[in-house]
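Trainee: here's a sequence, model it:
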Amino acid sequence: MSDIRPRLRTLEPDSDNRLYQTLLESTLAIPFKIDWASKKYTYIGPQIEDLLGWSPESWHTVNDWAERIHPEEREQTVGRCVELCLAGVDHEAEYRAQTKDNRYVWVREVVHVLCDEDGQPTALIGFTFDITAQKKTEQLRAELEEQRLSNVRLQERLRLTQDLHDGLGGSLVYMIASVEQGNGAMARPQVLSMLKLIRNDLRQTIDSNASAQVRVPASPQEWLAPLRHRFNSLFEVLDVDCDWEFARDWRTPPNAMQYLALTRLIEEALTNVIKHSQARHVRLAFKQPEDDTLQLEIEDNGVGFDVEQVNASGLGIGMRSMSVRISRVGGVLSIESKPGRTLLSARVTLSPN
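Mentor: The predicted structure is shown next:
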């Protein structure tokens, strides 16, 4: 219910004016008049029967009005209306009104409080409007907004799942392989460095959900050096040769989201090489064939796999994750594989935002 500013009261219209009554009864709104002293209806438009099914004769007192308000809105609506009427304040109220066949429709009442020269209420006149269609529209909008928010939350959960899988998952694979390939107990500094690696990956996952706070490295060399250091250490243990080919400077730098997506792609792809390929040689090449294009290639000489069969089987979760991640930042991912050669290629069109 919303208040309307108080103003100087005027005398009520002449109730015997037939033209005035004809005009009132020709509108879709339902006019009414209530005597304040007796709390009785002295007039209610015949339109009330079309809207609610109740005959005008069934509206005797304000108790009839109150009893036909939905129980969830009754106390607040009645209490507020009485309070504003006593203060001589015009007002509006929205509530669900009961029909004669026990349904409920939404209505809005606009009430003008007539007062005497001392400012005391003498009568109420107003209109009741059917706003059921409006409320249904508002409800539909609310449901659509809730659905939109639910989709946003789902996308955020999927993004977080991908980040944990691609980033933290890769670090865990690295650690497991280090332990399996190592001889004897691990030294304390090694364990500590692994824990720090997990911590850093968790931080990066958090940062990826707030990309505005992520700083894009000043050069490809600064970007790839930490990744090269991390994976080369493991490749050496596994006796895998790895070549890293990349330019020293950006022709055009990627934005934060593109930088994060490509980083995760490298982590996921190299992790897959370690887990599945049995490769003895890996090549990672970063190119900028044009100012607005980044191209990343990761190639290994492992056992390969049937790309179509893996996709059809539903087992290629990692591949789908990588593809979705790259497409989200304006890129295209392609994978070719056969025994002795698997090539993953990502091409991203740069965007400043």
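Trainee: switch to C-alpha atoms for all contacts and neighbour counts from now on
Mentor: OK.
Trainee: which of the three states applies to Arg215?
Mentor: Using DSSP: H, G, I helix; E, B strand; the rest coil, the secondary structure recorded for Arg215 is coil.
Trainee: for the host helix or strand of Tyr43, name the packing helices and strands.
Mentor: Here Tyr43, judged by DSSP states H and E, is contained in strand 40-44. With contacts taken as 3 or more CA pairs under 8 Å, 6 or more residues apart in numbering; DSSP states H and E, strand 40-44 sits against strand 30-35.
Trainee: hmm, who's touching stretch 52-72?
Mentor: 34, 39-41, 44-46, 48-49, 74, 78, 95-101, 104-105 (CA atoms under 8 Å, 6 or more residues apart in numbering).
Trainee: Arg96: what's it in contact with?
Mentor: Ile69, His70, Glu73, Tyr104, Val105, Trp106, Val107.
Trainee: and the contacts of stretch 52-72, which of them are in strands?
Mentor: Ile34, Lys40, Tyr41, Ile44, Tyr95, Arg96, Ala97, Gln98, Tyr104, Val105 (DSSP state E).
Trainee: and the lengthiest helix in the chain, what does it pack against?
Mentor: Ordering each helix of the chain by length in residues (DSSP state H) puts helix 132-163 first. Packing partners of helix 132-163 (3+ CA pairs under 8 Å, 6+ apart): strand 104-115, helix 188-208.
Trainee: mind running it again at 10 Å?
Mentor: In terms of contacts (3 or more CA pairs under 10 Å, 6 or more residues apart in numbering; DSSP states H and E), helix 132-163 is packed against strand 104-115, helix 188-208, helix 256-272, helix 317-328.
Trainee: weakest of those in terms of mean pLDDT?
Mentor: Among the helices and strands packed on helix 132-163, helix 188-208 has the lowest mean pLDDT, at a mean of 60.
Trainee: where are the low-confidence patches of the stretch 1-150 of the chain?
Mentor: 1-27 (pLDDT under 70).
Trainee: could you report the neighbour count for Glu67?
Mentor: Per other CA atoms under 10 Å, the neighbour tally for Glu67 reads 12.
Trainee: and if you look at the one 4 residues further on?
Mentor: Using other CA under 10 Å, Pro71 is surrounded by 14 other residues.
Trainee: now it: how far from Trp59?
Mentor: Going from Pro71 to Trp59 by CA to CA, to the nearest Å gives 18 Å.
Trainee: re the thing from before, what angle sits between the longest helix of the chain and strand 104-115?
Mentor: Counting by axes from the mean of the first three to the mean of the last three CA atoms, to 10 degrees, helix 132-163 lies at 120 degrees to strand 104-115.
Trainee: can you give me how far helix 132-163 is from the chain middle?
Mentor: Relative to its parent chain, helix 132-163 has a centroid offset of 6 Å by CA atoms, centre = their mean, to the nearest Å.
Trainee: could you do stretch 72-82 as well?
Mentor: Worked out by CA atoms, centre = their mean, stretch 72-82 lies 35 Å from the chain centre.
Trainee: now do the buried residues in it.
Mentor: Arg74, Thr77, Val78, Arg80, Cys81 (16 or more other CA atoms under 10 Å).
Trainee: thinking again about what came up before, of the contacts of Arg96, which is the most crowded?
Mentor: Ile69 (22 neighbours).
Trainee: from the contacts of stretch 52-72, keep the buried residues only.
Mentor: Buried, going by 16+ other CA under 10 Å: 34, 40-41, 44-46, 48-49, 74, 78, 95-99, 104-105, out of those.
Trainee: dump the contacts of Arg96 into JSON lines; add distance to Glu297 as well.
Mentor: Below are the contacts of Arg96 laid out as JSON lines (distance: CA to CA, whole Å):
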{"residue": "Ile69", "distance to Glu297": "69"}
{"residue": "His70", "distance to Glu297": "66"}
{"residue": "Glu73", "distance to Glu297": "65"}
{"residue": "Tyr104", "distance to Glu297": "65"}
{"residue": "Val105", "distance to Glu297": "64"}
{"residue": "Trp106", "distance to Glu297": "62"}
{"residue": "Val107", "distance to Glu297": "65"}
